[in-house]
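Visitor: sequence unknown, structure follows:
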């Protein structure tokens, strides 16, 4: 009684029932030599001794001795290599994964099994073989749950023991849901679902039990994940909506114009995932296509090593432009396919892009394998009746065109040529350089030039057309040249949206120099888009400094520009060649071809020193009777011509011209004839040709045909038309007026000098003389008194005119008879008596003032009688 190793036998037991003796571990440990957990293991033999009431004893024999192996030692902390079990944990995603890739330390959307490397179990325990290993898992603060089945330790797996478990149950044994063995997704979740476990962690431990049933639990203190620096497995995503989503694309560049000529023209796109999640990129590199016009597609390529945000670098190329992008012409992501139903995507180009936890970026509906980007020009809200936070609408996402206002232009400035509905883009050019003034000459800048203008057209027609400014391959005009409010031009040089006028000075007769900057002019947005009355052109105008006007520095005075000066003096007798550098708002530059006509600066008028306007000659109209009288303008005269002396040291007179000026005494000079050299009816015979210059003499109009060619004289072609003045249109022209003439001599540049007036003047006398009385002296004058004259007798007939008469055959003061040439004045007498004898025509004898004398000698058979017997007045001498 009281002996822990004895037990009283009951009557029932004495009759044959089993007798059981229970010994506690404390009693066993008290036995001398008992193997304890702190010392050793060993075998212990047990035998039974039976004692009856009389004290008789019986002991079991050797055959009935029971031997028990005593092992109270738990597996050690470290194996024989001094390594702790649970050396590594690995998660793996399923084959044909679509949502995730394997990343150590993470259980992501596509992860389907966990492999735990328990390691080498050798030396953990003397009785480790036939022991067992059990995995446990715990999600965050929830309870520990067994993972998979308990695995037996054998001599074969002792040196490298590992366990795999799947989402549901053991690995490769098929899904075993809602029952042990448990998979990872069957760990305790505190009543929640697996889909709600995103962001939690999984802790793993292993229980190793020896063959005797002693066990040790090993926490995951060694298998620390390098990526997370944690011993826990992170749950990163449980559903499709947990995949990372790109919600914003922006840029590092300031808003405004960007092109190949911009400073630091590589644009970095910053691609941000939701919640600023870091994205890992391997392979590739991936790239993003940009909407940059019909000629070239811009490409932004991933910059290695960037995660949050990812960076894609875009280097602007030639011919790339965003001006066609609706609605504002700024840089946008390109859609794939390239239509309204397309999506903005990242082209993986063989890359893999995933979150740190291994979930791939969300892809498009159309582009099912390409990461989706925010769509440009779209602010649609998501269809999300259940308020699923993983569904994000375009109204929340921000595409590049919403976060920036970058205008890309890699196209050189151009002119739009419109023909019907067809459009072409051609290089801009100088359409015209004009030098208007009192006497402008194309290609010359003279002393009377009032302005000089450079005209450039941005399109070839001002016709009304209805074409969107954006969204087409060819816009109405090149809008990159100027806008009403110009966005910032990203260049240090202040030349965006400007026209740089280039000029080359060449002294006449010398070799050309180099082009230099003349002036930098802003391109006018109004001229570009609406034009001068719709002309879509810009005119750059400078004031000139006409004769006697002072040059004003600092103004728009052409002659004040330093580029046009030599030794600080505005050039003269120089040829100016011009071209334009047209720079758009992005800094693209077009150099026009040099203007086809060089502008010659010649402000030196002809020198008249020692020269005169020589003889003034007149002509008369065609017909039998006409008279030309030097010094007079009579009723017969129709035109004049001048002889003009020319200098011998001014070659610019060749191809110049001479105009005739006229006035009356005391009047003002007036131009005669068509003096505009560009008038369609201008007579080129007024020009100075090389022969005339070589002879130092010009006759204007120049002709040798004179009366045969009426244009050889300055003749009024239409007296009714008063557009241009001629001799009889001179102010004050009247009977008796004295007309004075001179020559205005022009060089080829249009500079002129008025020569001194001609010494030849013309007195206006257009009154036709009339016969006031005809008388005669019968017989010899002074002695013959009878009025009857017979054969041989002489009659002197005297014609008394209304004014003095002059003989056109001789000098003005001639009063002499000039013979009997019948081409001169004759008088026919009626003395033929009606018979066969013709009436004689007698020549005048002399002129004396206003009297003309004719002498008549009566010949045989001549008679003034009428044949009647009586003498009547009808018988008097008639003419």
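Guide: Everything's here; your move. None of the values given here were measured: they were computed from a predicted structure. Numbers count the residues shown, from 1 in each chain.

Visitor: please make it C-alpha for all contacts and neighbour counts, starting now.
Guide: OK.

Visitor: next up, the contacts around residue 118.
Guide: 85-88, 160-163, 206 (CA atoms under 8 Å, 6 or more residues apart in numbering).

Visitor: who's in contact with stretch 424-444?
Guide: 413-418, 445-446, 448-458, 474, 579-580, 590, 592-595, 597-602, 748-751.

Visitor: what about those residues, which are in strands?
Guide: 415-418, 445, 451-457, 579-580, 590, 599-601 (DSSP state E).

Visitor: buried ones only from the contacts of stretch 424-444, please, as a ChimeraX command.
Guide: Under the burial definition 16 or more other CA atoms under 10 Å, those of the contacts of stretch 424-444 that qualify are selected in ChimeraX by:
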select :413,414,415,416,417,418,445,446,448,449,450,451,452,453,454,455,456,457,458,474,579,580,590,592,594,595,598,599,600,601,602,748,749,750,751
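
Visitor: rewinding a little: ok, the contacts of residue 118 vs residue 332, which is closest?
Guide: residue 88 (47.4 Å; CA to CA).

Visitor: for that closest one, list each beta-bridge partner.
Guide: Under DSSP bridges, the beta-bridge partners of residue 88 are residue 117.

Visitor: so it touches residue 120, yeah?
Guide: No: counting by CA atoms under 8 Å, residue 88 sits too far from residue 120 to count as a contact (11.7 Å).

Visitor: who has more neighbours, those two?
Guide: residue 120 (22 against 17; other CA atoms under 10 Å).

Visitor: from residue 111, how far out is that one?
Guide: 26 Å (CA to CA, to the nearest Å).

Visitor: where does pLDDT dip in the stretch 301-450 of the chain?
Guide: For the stretch 301-450 of the chain, the stretches with pLDDT under 70 are 421.

Visitor: now do the helices in it.
Guide: Listed in chain order, the helices of the stretch 301-450 of the chain (DSSP state H, counting those that start in this stretch) span 400-403.

Visitor: quick check on the residue nearest to residue 159 when sequence neighbours are not counted: phi, psi?
Guide: Among residues not flanking residue 159 along the chain, residue 120 sits closest, at 4.4 Å (CA to CA, 6 or more residues apart in numbering). When read as degrees, to the nearest 10, the backbone of residue 120 gives phi -90, psi 120.

Visitor: residue 767: neighbour count?
Guide: Residues near residue 767, counting by other CA under 10 Å: 11.

Visitor: ditto for the one 3 residues further on
Guide: Summarising burial for residue 770: neighbours were counted as other CA under 10 Å, giving 11.

Visitor: how's this protein carved up into domains?
Guide: Domain assignment for the chain by automatic domain parsing gives 11-70, 88-241, 243-410, 415-601, 613-765, 771-875.

Visitor: mind putting those domains in CSV, distance to residue 607 included?
Guide: Converted to CSV, these look like this (distance: least, CA to CA, whole Å):
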stretch, distance to residue 607
domain 11-70, 136
domain 88-241, 94
domain 243-410, 53
domain 415-601, 14
domain 613-765, 7
domain 771-875, 36
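
Visitor: figure out which of those is closest to residue 78.
Guide: Per CA to CA, nearest to residue 78 of the domains of the chain: domain 88-241, 6.2 Å.

Visitor: now the closest one: mean pLDDT?
Guide: Mean pLDDT, computed over domain 88-241, is 91.

Visitor: report the distance from it to the chain centre.
Guide: 63 Å (CA atoms, centre = their mean, to the nearest Å).

Visitor: start to end distance for that domain?
Guide: 30 Å.

Visitor: having no further points to raise, I will conclude here.
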